[in-house]
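Peer 1: quick one: sequence plus predicted model below, questions after.
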Protein chains: 4
Amino acid sequence: MTGLSLRILEAALKTYTSKPPQNVSIDEIAREAGVSKGTVFYHFKNKREFERCVFIYSIEKYFSWAYDELERKETEALKRTIKKSLKIAKENPRLMIFWYYVLEKELFSGDTEFAHKLYSQWFGLLSSLLKDMGVEKPEQTAIVLMAMLDGISIYSLFIPDLDIDEIGDLILEFVKGRCKR
Amino acid sequence: MTGLSLRILEAALKTYTSKPPQNVSIDEIAREAGVSKGTVFYHFKNKREFERCVFIYSIEKYFSWAYDELERKETEALKRTIKKSLKIAKENPRLMIFWYYVLEKELFSGDTEFAHKLYSQWFGLLSSLLKDMGVEKPEQTAIVLMAMLDGISIYSLFIPDLDIDEIGDLILEFVKGRCKR
Amino acid sequence: MTGLSLRILEAALKTYTSKPPQNVSIDEIAREAGVSKGTVFYHFKNKREFERCVFIYSIEKYFSWAYDELERKETEALKRTIKKSLKIAKENPRLMIFWYYVLEKELFSGDTEFAHKLYSQWFGLLSSLLKDMGVEKPEQTAIVLMAMLDGISIYSLFIPDLDIDEIGDLILEFVKGRCKR
Amino acid sequence: MTGLSLRILEAALKTYTSKPPQNVSIDEIAREAGVSKGTVFYHFKNKREFERCVFIYSIEKYFSWAYDELERKETEALKRTIKKSLKIAKENPRLMIFWYYVLEKELFSGDTEFAHKLYSQWFGLLSSLLKDMGVEKPEQTAIVLMAMLDGISIYSLFIPDLDIDEIGDLILEFVKGRCKR
DNA sequence: GATGAATGAGGATTCATTCAT
DNA sequence: GATGAATGAATCCTCATTCAT
């Protein structure tokens, strides 16, 4: 990963989160990055593959902290993770939009591998933490928990006055309610 | 709404659920409906508007039963609604994909009105039922409940062996746990 | 075949025979025809298919007379056909170039059907005539005869002072030599 | 001609005869040869020039025997040459395709010198032999003879069941028929 | 009401070629 | 001598939309 690749990824992220992702062309990104169109295709196989890379890059950029949190396997860490995730989603609606844009492109095309691999790691970390917390059926609980978070992230796009703090509490209650006594 | 409009909508639904929605052109739908391309534009203002109509049409077709169920305001009705919704999502992945395709187009373009209006009615029905069930913060619970359902619908697209029956039970437990004693 | 299709074909033929065929773009042809690029793609599926149509069109234009001649099944008709064919090849080198450009694209891509079908009719007509003339192994003789003509057509491109009249006589002698007494 | 040049030429020949020549890029050849793209351009001026070199190289590789045969100036040698040429063409269709690809590029671009020079030597050898055999108009006979061979080589690409042995006999008869008594 | 021919803007992708290292 | 990153021109093709009939 050379410096130029990074510059292109950064320019792409900026462009993809400044307008509807469907309308973003490679041309535009190249211009934003100050390189030629050919350079983008030199560093990335094609647009689809490129968008995947931008996606991964943005996950790293905005969510690498979550790995560390979840690996602590503490209830408090889970709490912080839920709250912070919702906050990021709320504060970066265009980032959310970009993420769903990429994910759905994968799902629409019938290729589930990318999404599967991506979520597997989160499901794994989360269910491991939940297990330690004494939650029953930790795997399924993890899935439902993340479904809540993703769903709320989407809803926050069109419910502007959504109080994510209270929503976060509701979600936490769900988790606690599933703890074995 | 003439018979021709219906024929076009039906053809569109068939086409949109038989391949990635991004790749569906008006041409193709017109061909499937046995009318000319011009006719589609005669009956519908433009593609965006048309897709909204197909969306509404498909909601009516697949989810009109849910209005009736939720209006009964019974715990059993809620239970059936959750289970049946998940089942429909699981059994019609291409329909889900089409729905998210339309919804995201709206959100991507920054137009939240369509989504807002669409969900408002469901939030209303649901929170009213939850209130009757004695659930605390029924509005927010309704939102989280639907977020779960939507999230799980998406996940079922790339987690093929998802046991939606058990998931449904987890979701119900969440609701019950929120009931005031 | 509307008038516009014909105008496009005519413009294409003009363009393809005025410069190296590899360098001809649909853009250029559309401009020459005075229509938009989209119109060309409306009338013809894609560039490959379009080039086949231009090819067929040019054969009709320059060689329809040969069908009539060969169907007469007379020695004199064969003589005239050979002489006239060589003359046309000699006088229209760019047309020859276009023909071989199309044919080879087909052969290069491994699709032999087009070439096969095209030549079959000529082989058929020719061998039938040769049979009537009392030539032995008329089918194979027809093939060799046409191979000569095609080969000479190509050679005339880079042997400018080729005396096609004398060459025609040599070819005729070959045919006569193969007549049963 | 260093060893590296040879390795590149060999890799090019392999690549050009394994897929449609139009689709072969310098990149691909460099990869096959295990060198960088820059190296190809270091050893060869440009792509056109490079393809000419590959062409020459392949002629040397597959047809150097023909020089020796034709120089013997014997009827039997001519016979063997015709038969063997047809056999090579039949057995190496992709090689034929590559040859015509290069030749036509030259002719298409209006540059006849390359083809002229290439064929001159063969015409010379052949007509000299034919003269010794007592053939009338040996130069023109040589041209027609080679036209036959080239034409048949092309035809064998799309007439898979062509009996090249019988065709060879027909061609030989043509030559014999032209011998002065 | 219905048609379908015509449009033209827009975008991904390829690849020979250059040149600093 | 060799490299490979960077370029940018070139081109096919798609498709929503319009409008004369």
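Peer 2: On my side now, so go ahead.
Peer 1: which outside residues touch stretch A:113-122?
Peer 2: Contact partners of stretch A:113-122, identified using C-beta atoms under 8 Å, 6 or more residues apart in numbering or on different chains, comprise A:52, A:59, A:103, A:106-107, A:142, A:146, B:155, B:157-159. The C-beta positions use only the backbone N, C-alpha and C, and glycine is treated the same way.
Peer 1: just want the angle from whichever strand or helix holds A:Tyr100 to helix B:93-108.
Peer 2: Taking DSSP states H and E as the definition, A:Tyr100 sits inside helix A:93-108. Going by axes from the mean of the first three to the mean of the last three C-alpha atoms, to 10 degrees, helix A:93-108 is angled at 160 degrees with respect to helix B:93-108.
Peer 1: just the CA trace of the following helix or strand past helix A:93-108, in CSV.
Peer 2: The helix or strand immediately downstream of helix A:93-108 is helix A:113-132, counting by DSSP H and E. The C-alpha trace of helix A:113-132 is given here as CSV (Å, rounded to 0.1, in the frame of the first residue of the first chain):
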residue,chain,number,x,y,z
GLU,A,113,-19.1,-13.7,0.6
PHE,A,114,-17.9,-10.2,1.2
ALA,A,115,-20.7,-9.4,3.6
HIS,A,116,-20.5,-12.7,5.3
LYS,A,117,-16.8,-12.4,5.9
LEU,A,118,-17.1,-8.8,7.1
TYR,A,119,-19.8,-9.6,9.6
SER,A,120,-18.4,-12.9,10.8
GLN,A,121,-15.6,-11.2,12.6
TRP,A,122,-17.9,-8.9,14.4
PHE,A,123,-20.4,-11.7,15.3
GLY,A,124,-17.4,-13.6,16.6
LEU,A,125,-16.1,-10.9,18.8
LEU,A,126,-19.5,-10.0,20.1
SER,A,127,-20.8,-13.5,20.9
SER,A,128,-17.5,-14.2,22.7
LEU,A,129,-18.0,-11.2,24.9
LEU,A,130,-21.7,-12.0,25.4
LYS,A,131,-20.8,-15.6,26.4
ASP,A,132,-18.4,-14.2,29.0
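Peer 1: past helix A:113-132, which element shows up next along the chain?
Peer 2: helix A:138-158.
Peer 1: and that following helix, which residues are buried?
Peer 2: A:138, A:140-158 (16 or more other C-beta atoms under 10 Å in any protein chain shown).
Peer 1: that one and chain B in contact?
Peer 2: Yes - using C-beta under 8 Å from any C-beta of the partner chain, helix A:138-158 comes into contact with chain B via A:140-141, A:143-144, A:146-152, A:154-155, A:157-158.
Peer 1: which strands or helices does whichever helix or strand comes after that helix pack on?
Peer 2: Later in the chain than helix A:138-158, the nearest helix or strand by DSSP H and E is helix A:164-177. Contacts defined by 3 or more C-beta pairs under 8 Å, 6 or more residues apart in numbering or on different chains; DSSP states H and E place helix A:164-177 against helix A:75-91, helix A:138-158, helix B:138-158, helix B:164-177.
Peer 1: rounded mean pLDDT for the last one, please.
Peer 2: When pLDDT is averaged over helix B:164-177, the result is 93.
Peer 1: in CSV, could you pull the C-alpha coordinates for that helix?
Peer 2: What follows is helix B:164-177, C-alpha atoms only, in CSV (Å, rounded to 0.1, in the frame of the first residue of the first chain):
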residue,chain,number,x,y,z
ILE,B,164,-35.5,-17.2,12.0
ASP,B,165,-37.8,-19.1,14.3
GLU,B,166,-35.4,-18.8,17.2
ILE,B,167,-34.5,-15.2,16.2
GLY,B,168,-38.3,-14.4,16.3
ASP,B,169,-38.4,-15.8,19.9
LEU,B,170,-35.5,-13.6,20.9
ILE,B,171,-37.2,-10.6,19.5
LEU,B,172,-40.4,-11.5,21.4
GLU,B,173,-38.5,-11.9,24.6
PHE,B,174,-37.2,-8.3,24.1
VAL,B,175,-40.7,-7.0,23.8
LYS,B,176,-42.0,-9.0,26.8
GLY,B,177,-39.1,-7.9,28.9
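Peer 1: buried set for that helix?
Peer 2: Judged by neighbour count (16+ other C-beta under 10 Å), helix B:164-177 contains these buried residues: B:164, B:167-172, B:174-175.
Peer 1: give me the most central residue, chain A.
Peer 2: Centroid-nearest residue in chain A: A:Ile59, 5.5 Å away (criterion: C-alpha atoms, centre = their mean).
Peer 1: so how far is A:Leu95 from that residue?
Peer 2: According to C-beta to C-beta, to the nearest Å, A:Ile59 and A:Leu95 sit 10 Å apart.
Peer 1: likewise A:Gly134?
Peer 2: Taken as C-beta to C-beta, the span from A:Gly134 to A:Leu95 is 34 Å.
Peer 1: same thing with A:Glu166?
Peer 2: A:Glu166 is 23 Å from A:Leu95, by C-beta to C-beta.
Peer 1: now do A:Gln22
Peer 2: Separation of A:Gln22 from A:Leu95 (C-beta to C-beta): 16 Å.
Peer 1: next, the angle from the one helix or strand in chain A whose mean pLDDT sits lowest to helix A:113-132.
Peer 2: Across the helices and strands of chain A, mean confidence by mean pLDDT, DSSP states H and E is lowest for helix A:93-108: a mean of 91. Here helix A:93-108 runs at an angle of 110 degrees relative to helix A:113-132 (the same axes, to 10 degrees).
Peer 1: send the alpha carbons of helix A:93-108 over as CSV?
Peer 2: The C-alpha coordinates for helix A:93-108 follow below in CSV (Å, rounded to 0.1, in the frame of the first residue of the first chain):
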residue,chain,number,x,y,z
PRO,A,93,-25.0,9.8,7.9
ARG,A,94,-23.2,10.0,4.6
LEU,A,95,-20.7,7.4,5.8
MET,A,96,-23.6,5.1,6.7
ILE,A,97,-25.0,5.7,3.3
PHE,A,98,-21.8,4.7,1.6
TRP,A,99,-21.5,1.6,3.7
TYR,A,100,-24.9,0.4,2.8
TYR,A,101,-24.3,1.3,-0.8
VAL,A,102,-21.3,-1.0,-0.9
LEU,A,103,-22.9,-3.8,1.1
GLU,A,104,-26.0,-3.8,-1.0
LYS,A,105,-24.1,-3.8,-4.3
GLU,A,106,-22.5,-7.1,-3.0
LEU,A,107,-25.8,-8.5,-1.9
PHE,A,108,-27.7,-7.4,-5.0
